[in-house]
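> The sequence isn't on hand, but the structure is:
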């Protein structure tokens, strides 16, 4: 089944110990769509400005991502400048954020897109996520992400949205900010009470933890020796997760375990290059090959 | 096969968000011996003062731990006062360290103990670890741990010792201090070049990573919802690891994977109570039961 994704479509300037790059394809929805498109048909929604390069739109098309709801308006594309220091590649330092056209974004989908059964609300302000969700016609399965900025500044909106979604994907820092709890089981239980039936906590290089009323499991991360740029790793992770779940069409423990393995593998490629450098050319064959290595890495004693 | 353990045998005053306790059984070798004794015959070596309670010695005996090389001298037992804050239960804050009789310790073993094939040099200063190793008659398999204090103040001694051991067990902070590297694969490779054939990196609540020339694997931690006191968790972990390896008598990937599962389970019990409160009464039946739950928690997609 198809997946509808809304979030930011952006241009990024990135500075990491591996170098400095400007005007790269960025944004939560961009990264997410690309990894999800490996598994299922993806529809992308968002807003871009006049400066958004045609080649990035070509890349979406090449990935068979439907961009009918990517609106182009006059003005500048959302632009993020970030840095990662060698001592902590897990934490992005925001150097500059230029909102550009994103402030004008009025969520909309085409009539045909209204009935897409799977929706992922990638990181963008929670009011936009909410409005977007209301454009859809009772989707079967809804996932969401958010970030520290919205938890701090629009907490009530985040909480309202959480009541409407099935799956919540957050990193451990966001979980802590939202729940005030450091223990992973306790925080997952608190998040469950806030609405979402499935809680996925991303721990970066330390792997992932998944909680629901019926099951609980966790995996390590795929160990990457040369981390070039972690930008979009979390979105790429969520894309692998949602893409695979949408493909399967059924949400159960078995599919979630499988989906989180794919999510892990997708994000491991993401960090090995700047922006979408490594995920853009990614094929399922690359994914399957690394998955085999990873399952061996993480397998219990025989 | 038997296991010879040297390290600190101590009294601990502990302050955690769960409460405050004084004069508890502590020390690297105490915690380590107790979990190792679940799997194999353990011989403990160390020094204690006049104040060391008889009941702790009784506990060792009850666990069938040989204490022929636990020397009691006049003076005070090594005493550590530490605190853990709610925000970071992984990091101990040292409030006070009273070395007591430990400065007088002259490593020695009984003639019968000289030929014990497995040795673990638990955390104590590296010169003592070295001298202790020289008391032994060419052991088949030697493991070691150390801590930030020795890496900072006796680095050359730590490096010298590393050349003589087969297995190194460190936490991620110690690894970083020793190698100057933040990437786990790169740091494991650097440690390998420093001597030990098997590198085990403990990541606390984030699990464990194991590296050798022939294999590489990682597991998450067993999720514990109520962490009472993490003191000795790392030693308890190393005890489960070394105890199981000593029992099997053969070091290969299969046994190491199994041993690290047992290590994980042992340490998960340790953190659920103050000091050795939960590990002292622990039986293999408890271990097997939790192991079953853990293998389900961490298993890949079927």
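Good, I have the coordinates. Note that the coordinates shown come from a computational prediction; the quantities given were computed from them, not determined experimentally.
> Residue numbers of chain A in contact with chain B?
A:86-89, A:182-186, A:203, A:205-207, A:209, A:216-220, A:223-227, A:254, A:257-258, A:261, A:295-302 (Cβ under 8 Å from any Cβ of the partner chain). For every residue, glycine as well, the C-beta is placed using N, CA and C.
> Sitting in strands, which of these do you find?
A:88, A:89, A:209, A:216, A:217, A:218, A:219 (DSSP state E).
> out of the residues you listed, who has the most neighbours?
When neighbours are taken as other Cβ atoms under 10 Å in any protein chain shown, the top entry among these is residue A:219 (28 neighbours).
> Which residues are in contact with that residue?
A:207, A:208, A:260, A:261, A:264, A:298, B:220, B:298, B:300 (Cβ atoms under 8 Å, 6 or more residues apart in numbering or on different chains).
> and what of residue A:80?
With Cβ under 8 Å, 6+ apart, residue A:80 has these contacts: A:10, A:11, A:12, A:13, A:26, A:94, A:96, A:97, A:98.
> Dig out what it forms beta bridges with.
Applying DSSP bridges to residue A:80 gives these bridge partners: residue A:12, residue A:97.
> How confident was the prediction at it?
Residue A:80 carries a pLDDT value of 97.
> quick one: it from chain B, how far?
Distance of residue A:80 to chain B, computed by Cβ to the nearest Cβ, to the nearest Å: 24 Å.
> That residue and residue A:14: what is the separation?
Between residue A:80 and residue A:14 the computed distance is 9 Å (Cβ to Cβ, to the nearest Å).
> hang on, the earlier thing: widest-spaced pair of the contacts of residue A:80?
Greatest spatial distance in the contacts of residue A:80: A:11 and A:94, 14.4 Å, computed using Cβ to Cβ.
> Which of the two has more residues huddled nearby?
A direct count of neighbours by other Cβ under 10 Å for residue A:11 and residue A:94 places residue A:11 higher, at 26 against 10.
> check contacts around the more buried one.
A:23, A:24, A:25, A:26, A:51, A:52, A:77, A:78, A:79, A:80.
> are any of the residues of chain A next to chain B buried, and which?
A:89, A:182-184, A:203, A:205-207, A:209, A:216-220, A:223-224, A:227, A:257-258, A:261, A:297-298, A:300-301 (16 or more other Cβ atoms under 10 Å in any protein chain shown).
> Let's test this: name the helix or strand in chain A with the lowest mean pLDDT.
Of all helical and strand segments in chain A, the minimum by mean pLDDT, DSSP states H and E falls on strand A:88-98, at a mean of 91.
> Pull out the buried residues from that strand.
A:89, A:90, A:92.
> so what does that strand touch, helix or strand wise?
strand A:10-16, strand A:79-85 (3 or more Cβ pairs under 8 Å, 6 or more residues apart in numbering or on different chains; DSSP states H and E).
> got the contact list for residue A:16?
Residue A:16 touches A:83, A:84, A:89, A:228, A:229, A:230, A:274, counting by Cβ under 8 Å, 6+ apart.
> Need the per-residue pLDDT for the first one.
Note for residue A:83: predicted pLDDT of 97.
> Can you tell me how far it is from residue A:13?
Counting by Cβ to Cβ, the gap from residue A:83 to residue A:13 is 9 Å.
> Could you pull out the residues contacting both of the two?
residue A:95.
> Which one's more surrounded, these two?
Counted by other Cβ under 10 Å, residue A:83 and residue A:13 do not tie: residue A:13 has more neighbours, with 18 against 15.
> Looking at the contacts of residue A:16, which is nearest residue B:116?
residue A:89 (43.2 Å).
> pLDDT below threshold where in chain A?
By pLDDT under 70, chain A contains no weakly predicted segment.
> Now the spatially most central residue of it: phi and psi?
Closest to where the C-alpha atoms of chain A average out (Cα atoms, centre = their mean) is residue A:235, at 2.3 Å. With angles defined as degrees, to the nearest 10, residue A:235 sits at phi -70, psi -40.
> Repeat that for residue A:109.
According to degrees, to the nearest 10, residue A:109 has phi -130, psi 160.
> Next: the one 10 residues further on.
As for residue A:119, its main-chain torsions (degrees, to the nearest 10) stand at phi -130, psi 140.
> distance between the lengthiest helix in chain A and the chain's centre?
Assignment by DSSP state H gives helix A:253-270 as the longest helix of chain A. On the basis of Cα atoms, centre = their mean, to the nearest Å, helix A:253-270 sits 12 Å off its chain's mean C-alpha point.
> what's the residue of chain A positioned farthest from its centre in contact with, if anything?
The outermost residue of chain A relative to its centre, with distances by Cα atoms, centre = their mean, is residue A:302 at 34.1 Å. Counting by Cβ under 8 Å, 6+ apart, residue A:302 makes contact with B:254, B:257.
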